[in-house]
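**Q** For reference, the sequence and a predicted model appear below.
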Amino acid sequence: MFPPVPNPTTQPEAPRFGEKDLIRRSASTVTPPAERQTEVAKLIDVSKCIGCKACQSACIEWNDTHPAIETNTGIYENPHDLTPDMFTLMRFTEWENPETNNLEWLIRKDGCMHCEDPGCLKACPAPGAIVQYSNGIVDFVHENCIGCGYCIKGCPFNIPRISQVDHTAYKCTLCSDRVAVGQGPACAKACPTQAIVWGTKDEMKEWAADRVEDLKSRGFENAGLYDPPGVGGTHVMYVLHHADQPQLYSNLPENPRISPVVEAWKGVTKYAGLAVLGIAAATGFMHYLVAGPNRVSEEDEEAAERLTGEGRS
Amino acid sequence: MSIDVKANGNYEVGKDERVHPGKPVVVDRYTAGARINHWITATSLVLLALSGLALFHPSLFFLTGLFGGGQLTRIIHPWIGVILFFSFFGLFLRFWKANLWRRDDSDWLAHGRDVLAGHEERAPEVGKYNAGQKLVFWSMSALIIVLITSGVVIWDQYFSVFTTVEQKRWAVLVHSIAAIVAICVWIIHVYSAFWVRGTIRAMTRGSVTGGWAWRHHRKWLRDLVARTPHDKSGRTPAE
């Protein structure tokens, strides 16, 4: 058993990270802190998950969200998808393993992966609406959010959702408010099987290595850790029994990265676009300096008078 | 004159365009309707450029202040886009015929350097619009179609469910590139109106001087004069 985070003291304590620990801030430049905090991570061991949805309940309870009561459409997912009120969702897949002919129930807890290279933050046009702390948490700051939905386009995991109530974007905060006072995320606290554990990123990798070894000894030879390098690694990681086929788990992307279309839009287009506008304006200005105004001459007016005179005759 | 009329027989001149002889000659170029239509389009385009640029580059985010903040900018921008689309469509219906490409236009374009250097007389005579104006017209028409189409795809509040995230990614890229090109075309349009003196009054008061028409749109002037009925007062019947 991984040692769980102890219960908090009853004494108030100062937050352990805040504004001064930002390493990225959307549409702004920040001076990163001289010293980075220890990177944290949540490890979701899919092989241990029993699908009880305690994590979802804990998430709703802690974040005080109120997901709509929906209709049963014959699937286990409830609600049907991530919503502005449901930051995490158990996604259920029934998969028949062709090698063993066994039916495997693959249950993946979906939600923000807290990428080291966050696409949402890169796409965001509003200064300070998305921030990344030096411990790895990527958080949305609602007072700065303008509800444009660019974060959805930037995200390689299709996580953020725009609320139709306050028109701002919502997603898992990795319980930044709990972590700030030394607690782990609510979902990890609620998980009855330790399928969700919480600690530093290094601890989680070590723990995952043990789990992978255990799974391999049980015949899951492709078991492995999902910490995709295409987004610089993530601060939410999975232990998968079939790490060679992540798409089995409700289309978990095999090699997630920020879309090259988004990179082109937020990269070369942004800078080249402004440059082209500047050049166009400067060219006009230079032309005016060199060529001067194009004025109608007295002869032009006389020619027109002669022409209309002819026209009348 | 008659020779010119035959040569220009296929040329379109608007029925509201009239020549008023005098000193100087005054030529009606745009009706009040066309001018109002133009300025609605112009205002929308400027507001769209300001609000769009605010969301395009972080250094211009402060422009959202003009619209009452980021949320309001996000709300207003697409609605102004709808206004621009319909307003420009009005202009398109008014002007598309006079902007059809003719063989002379290619010749005129080949003299582009001369024109820019102030030697317009070396280029062929021009009808209501020269080749440059026609290019502005058609590129704006095409760009506005691209902008409204891609804009609807990224208008998340109402249309997010109709497209995939990948389609939205392409739409936002296409939208921003098209907008940059449109602003460049706008810069050309505004600069030309400013550089060619006597042009702006065509869109404000609706008329230009005969000298202006002679210098820049001689074929148009000739056609208008040729069409004017020959009566002794030199006035058209409507006056």
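**A** Done, it's in.
**Q** what are the phi and psi values for the closest residue to A:N222 other than its chain neighbours?
**A** Spatial nearest neighbour of A:N222, excluding adjacent residues (Cβ to Cβ, 6 or more residues apart in numbering or on different chains): A:D244 at 4.2 Å. C-beta coordinates here come from the backbone N, C-alpha and C atoms, glycine included. Main-chain torsions, A:D244, degrees, to the nearest 10: phi -80, psi -20.
**Q** okay, now A:D244: neighbour count?
**A** When neighbours are defined as other Cβ atoms under 10 Å in any protein chain shown, A:D244 has 11 of them.
**Q** Now do the biggest helix by length in chain A: which elements does it pack against?
**A** Longest helix of chain A, by residue count under DSSP state H: helix A:270-291. Packing partners of helix A:270-291 (3 or more Cβ pairs under 8 Å, 6 or more residues apart in numbering or on different chains; DSSP states H and E): helix B:165-195.
**Q** and whichever helix or strand comes after the longest helix of chain A, which residues are buried?
**A** As assigned by DSSP states H and E, the chain's next helix or strand after helix A:270-291 is helix A:298-312. Using 16 or more other Cβ atoms under 10 Å in any protein chain shown as the test for burial, helix A:298-312 gives A:300-305, A:307-308, A:311-312.
**Q** Same list, those, but only the ones touching chain B.
**A** Checking these against chain B by Cβ under 8 Å from any Cβ of the partner chain, the ones in range are A:300-305, A:307-308, A:311-312.
**Q** between the residues you listed, which is closest to B:G70?
**A** The closest of these to B:G70 turns out to be A:D300 (Cβ to Cβ; 50.7 Å).
**Q** which residues does that closest one contact?
**A** By Cβ atoms under 8 Å, 6 or more residues apart in numbering or on different chains, the contact set of A:D300 is B:210-212, B:214-215.
**Q** the strands in the chain, which residues?
**A** Reading this off chain A. Secondary structure of chain A by DSSP state E: the strands cover A:22-25, A:40-45, A:89-96, A:103-110, A:130-133, A:138-140, A:161-162, A:169-170, A:196-200, A:224-226, A:236-240.
**Q** The intended chain is chain B.
**A** With strands called from DSSP E, chain B shows them at B:19-20, B:26-28, B:207-209.
**Q** A:V46 is nearest to which of those strands?
**A** Once the strands of chain B are compared by Cβ to Cβ, strand B:207-209 is nearest, at 74.7 Å.
**Q** which other residues reach that closest one?
**A** The set of residues external to strand B:207-209 that reach it, using Cβ under 8 Å, 6+ apart, is A:296, A:301, A:304, B:24-29, B:198-199, B:201-202.
**Q** Nearest to chain A within chain B, name that residue for me.
**A** Per Cβ to the nearest Cβ, B:G210 is where chain B lies closest to chain A, at 2.8 Å.
**Q** wait, that residue sits on A:G309?
**A** No: if you go by Cβ atoms under 8 Å, B:G210 and A:G309 don't touch, sitting 10.6 Å apart.
**Q** hang on, the earlier thing: let me know the closest of the buried residues of helix A:298-312 to A:G182.
**A** Among the buried residues of helix A:298-312, and counting by Cβ to Cβ, the member closest to A:G182 is A:D300, at 82.9 Å.
**Q** how close does that closest one get to B:T209?
**A** Distance, A:D300 to B:T209, using Cβ to Cβ, to the nearest Å: 8 Å.
**Q** same check, this time on A:V261
**A** Computed as Cβ to Cβ, the A:V261 to B:T209 distance reads 51 Å.
**Q** which of these two has more neighbours?
**A** Between A:V261 and B:T209, counted using other Cβ under 10 Å, B:T209 has the larger neighbour count: 20 against 17.
**Q** For residue 101, give me phi and psi.
**A** You didn't say which chain, so I picked chain A. On the backbone of A:N101 - angles per degrees, to the nearest 10 - the values are phi 60, psi 20.
**Q** Could you do the one 10 residues further on as well?
**A** Torsion angles at A:G111 (phi, psi; degrees, to the nearest 10) stand at phi 160, psi -180.
**Q** Next up, phi/psi of the closest residue to it other than its chain neighbours, please.
**A** Of all residues not flanking A:G111 in the chain, A:T88 sits nearest, at 3.8 Å (Cβ to Cβ, 6+ apart). The phi and psi values for A:T88, taken as degrees, to the nearest 10, are phi -140, psi 150.
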